[in-house]
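A.B. asks: coordinates only, sequence not included:
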């Protein structure tokens, strides 16, 4: 993990996000494909624990973790963010841009493209190990995954149950059956693997616009580093990897043994809410919680007023599991997010 001196941040500081967003440190590491993966940190002295974040499709870490001063606007502000809430509770926060996203390199030079979704899982797992080496393995570590980032986190936790002390998931991408059955996607699905093989970078699969919270939709369209859902189609290889990846992970959910809490909107049009129920029912973990959220679209980190309540619940969940002097929690709960 190579940290950049702040004087070298200028080329990364789109719209002032690095400075205004109070990023502590930033840098890169090289992944197995030779791509440079960007990462960021928001650190506190003498931390209670560390939170490592995995972002969703078509966006990037600072877009999801920062907020706009006035909505809709460019997300460059630290105040009022989940990062600040975690920092205030004593947690340092680390996050990466998945390959093809944000300030990381793109496979084949194409934004919002990767060859295999397992590459994202491997990148994230390596990043977690690098962070734990940096901060010390004794520090309680929690993973936070949003949407596609939730898929990455669940895979990483199943592959290595010692990777973290707990996992929080926001509308995790564990099934895409509803999205795959809508509009042109229904016609394209039988051809997906063929198109993926011969035209892998072709923008093909449709996604949904956030009509419930139009200011959030506008913000993703305003950001120069995003691949906006509902505007730009998902590339053929990426769509195939998402769909096939979710089919595979459903067969492994019983292997999930890391403590977790998952939040999902009941009417989420992007990722299937039923798959979070499936995770809750099948997971081997003795410490698990499923919380349903009403009156949201998909972006649980920014859709108000729900986002603040979800953040507070996750912060409390992390704090409860950060005290290693107490016995490990064993609880199973499901209900509505309050």
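C.D. replies: Done, it's in. Please read these numbers as outputs of a predicted model, since none were measured by experiment. Numbering: from 1, shown residues only.
A.B. asks: state the next helix or strand along the chain beyond the lowest-mean-pLDDT helix or strand in the chain.
C.D. replies: Lowest by mean pLDDT, DSSP states H and E among the helices and strands of the chain is helix 183-188, with a mean of 64. Per DSSP states H and E, helix 183-188 leads on to helix 192-198 as the next helix or strand towards the C-terminus.
A.B. asks: from the chain's centroid, how far away is that following helix?
C.D. replies: Distance of helix 192-198 from the chain centroid (Cα atoms, centre = their mean, to the nearest Å) equals 26 Å.
A.B. asks: and it, which residues are buried?
C.D. replies: 192, 195-196 (16 or more other Cβ atoms under 10 Å). No exception for glycine: its C-beta is placed from N, CA and C like everyone else's.
A.B. asks: save those residues as JSON lines, and put in pLDDT too.
C.D. replies: Formatted as JSON lines, these follow (pLDDT from 0 to 100):
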{"residue": "192", "pLDDT": "86"}
{"residue": "195", "pLDDT": "92"}
{"residue": "196", "pLDDT": "94"}
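A.B. asks: distance check, residue 234 against residue 112.
C.D. replies: 7 Å (Cβ to Cβ, to the nearest Å).
A.B. asks: for residue 43, same thing?
C.D. replies: Taking Cβ to Cβ, one finds residue 43 at 29 Å from residue 112.
A.B. asks: following element in sequence after the longest helix anywhere in the chain, please.
C.D. replies: As assigned by DSSP state H, the longest helix anywhere in the chain is helix 117-135. Beyond helix 117-135 on the C-terminal side, the first helix or strand identified by DSSP H and E is strand 141-146.
A.B. asks: just checking, what packs against that following strand?
C.D. replies: Contacts defined by 3 or more Cβ pairs under 8 Å, 6 or more residues apart in numbering; DSSP states H and E place strand 141-146 against strand 49-54, helix 117-135, helix 148-159, strand 166-170.
A.B. asks: what strands flank that strand, and is each parallel or antiparallel?
C.D. replies: Partners of strand 141-146 in the sheet, by DSSP bridges, are strand 49-54 (parallel), strand 166-170 (parallel).
A.B. asks: export the ones you listed to CSV and tack on mean pLDDT and distance to residue 158?
C.D. replies: CSV is the format used below for those (pLDDT from 0 to 100; distance: least, Cβ to Cβ, whole Å):
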stretch, mean pLDDT, distance to residue 158
strand 49-54, 99, 14
strand 166-170, 99, 10
